[in-house]
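Asker: Here is the input, now give the coordinates:
(one chain, ligands or ions: 1)
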Amino acid sequence: MSLELTDLRLTYADGDSTLVALDDVSLTVRPGELVAVVGPSGSGKSSLLAVAGTLLRPGSGRVVIGGTDASRLGDRERTALRRQRVGIVFQQANLISSLTALEQLQVMDHMRGGRSGKAADLLRAVGLDGRENRRPHQLSGGERQRVNIARALMSDPAVLLVDEPTSALDHARGTEVMRLLAELTGERAVATLLVTHDVAQIGHAHRVTEMDDGRLSERQPGLTPGVPASSRPGGR
Ligand SMILES: Nc1ncnc2c1ncn2[C@@H]1O[C@H](COP(=O)(O)OP(=O)(O)OP(=O)(O)O)[C@@H](O)[C@H]1O
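Answerer: Have a look, this model is predicted:
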């Protein structure tokens with residue numbers, strides 16, 4: 001299921017004038033594809049993620065998530081769509097300090113009233129075998145970010161939105177996290193939209209687009225979708 005953004009326009013009131021944060025933005029992210037949006041501070045990247053994740057309504061344009069047009073839904077239905085179809089990885093891991101890695105994920109299950117047992121599998125998938133019972137302060141920054149990613153995948157989302165995943169990491173850890181995101185995207189056929197200002201970390205993206213003053217333009221061809229699982233850090 002894909003993410004389709006069409007002719008998005010978003011403005012903010014800025015004193016007496018209007019600031020155009022998204023200016024006629026169109027972008028489709030297909031299942032299994034990781035698209036990176038790079039751009040300087042203030043170019044509109046966070047606004048794009050907020051609109052794509054149905055957290056903000058655009059002034060005009062369409063957001064279609066897995067075939068459902070969010071622009072046509074009321075607030076309650078949009079929240080349900082987001083919970084069921086969208087995983088969001090925020091810049092800071094925002095983990096609960098008293099919970100182990102496993103419990104951070106199990107909480108998501110309990111909130112949904114389920115007991116899927118998926119948490120342990122996902123922690124394995126992100127290379128955290130043997131670290132399930134550690135609390136956030138006993139994990140490295142990269143490991144915390146992996147827990148964060150695993151947590152966002154608990155609902156089997158169609159769309160994964162990722163905000164600056166490498167900003168708190170050194171280059172090597174950042175590269176590992178980006179590779180992991182590319183692999184999970186391919187394996188789980190999720191449509192991943194990632195925003196970053198860090199152009200050094202976009203090598204694993206399948207496609208890169210550039211944002212400048214609220215406008216998007218194609219930047220350069222990236223790698224082919226579908227990175228083999230064997231290259232996953234700590235993986236088989
Ligand atoms: N709630 C708001 N009200 C008014 N203006 C806003 C609001 N949020 C963002 N802006 C403005 O909209 C523009 C785009 O902001 P946005 O946060 O989307 O950019 P960004 O590329 O994510 O920046 P950064 O990399 O610094 O997070 C900026 O000029 C910002 O000042």
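
Asker: among the helices and strands of the protein, which has the poorest mean pLDDT?
Answerer: When each helix and strand of the chain is scored by mean pLDDT, DSSP states H and E, strand 215-221 comes last, with a mean of 76.

Asker: And what about residue 25, helix, strand or coil?
Answerer: At residue 25 the chain is in strand, as set by DSSP: H, G, I helix; E, B strand; the rest coil.

Asker: can you give me phi and psi for the closest residue to it other than its chain neighbours?
Answerer: Ranked by Cβ to Cβ, 6 or more residues apart in numbering and with sequence neighbours excluded, the top spatial neighbour of residue 25 is residue 8, at 4.3 Å. Where C-beta positions appear, they are placed from N, C-alpha and C, glycine not excepted. In terms of degrees, to the nearest 10, the main-chain angles of residue 8 are phi -80, psi 130.

Asker: cool, residue 192 as well?
Answerer: Dihedral pair for residue 192: phi -110, psi 130, per degrees, to the nearest 10.

Asker: how about the residues of this protein that lie near the ligand?
Answerer: Residues of the chain that fall close to the ligand, judged by Cβ under 6 Å from any ligand atom: 12, 14, 19, 21, 39, 41-47, 197.

Asker: So which of those belong to strands?
Answerer: Among the residues of the chain next to the ligand, the residues falling in strands (DSSP state E) are 12, 14, 19, 21.

Asker: residue ranges with poor pLDDT in the chain?
Answerer: Residues of the chain that meet the criterion pLDDT under 70 lie in 111-116, 219-236.

Asker: Please give the element, helix or strand, for residue 36.
Answerer: Per DSSP states H and E, residue 36 falls inside strand 34-38.

Asker: which strands and helices sit next to that strand?
Answerer: Applying 3 or more Cβ pairs under 8 Å, 6 or more residues apart in numbering; DSSP states H and E, one finds that strand 34-38 contacts strand 17-29, helix 171-188, strand 191-196, strand 207-212.

Asker: Can you give the strand pairings for it, parallel or anti for each?
Answerer: strand 191-196 (parallel), strand 207-212 (parallel) (DSSP bridges).

Asker: circling back: mind checking which of the ones in strands among the residues of the chain next to the ligand are buried?
Answerer: For those, a neighbour count by 16 or more other Cβ atoms under 10 Å gives the buried set as residue 21.

Asker: Looking at the ones in strands among the residues of the chain next to the ligand, point me to the pair that's furthest apart.
Answerer: Maximum pairwise distance among those (Cβ to Cβ): 9.8 Å, between 14 and 21.

Asker: quick revisit: any idea how far the residue nearest to residue 25 is from residue 147?
Answerer: From residue 8 over to residue 147 the distance is 31 Å, taken as Cβ to Cβ, to the nearest Å.

Asker: Stretch 99-113: which residues count as buried?
Answerer: When neighbours are counted by 16+ other Cβ under 10 Å, the buried residues of stretch 99-113 are found to be 100, 101, 102, 103, 104, 105, 106, 108, 109.

Asker: Please read the previous query as pertaining to stretch 197-214.
Answerer: Residues of stretch 197-214 classed as buried: 198, 201, 202, 204, 205, 206, 207, 208, 209, 210, 211, 214 (neighbour count, 16+ other Cβ under 10 Å).
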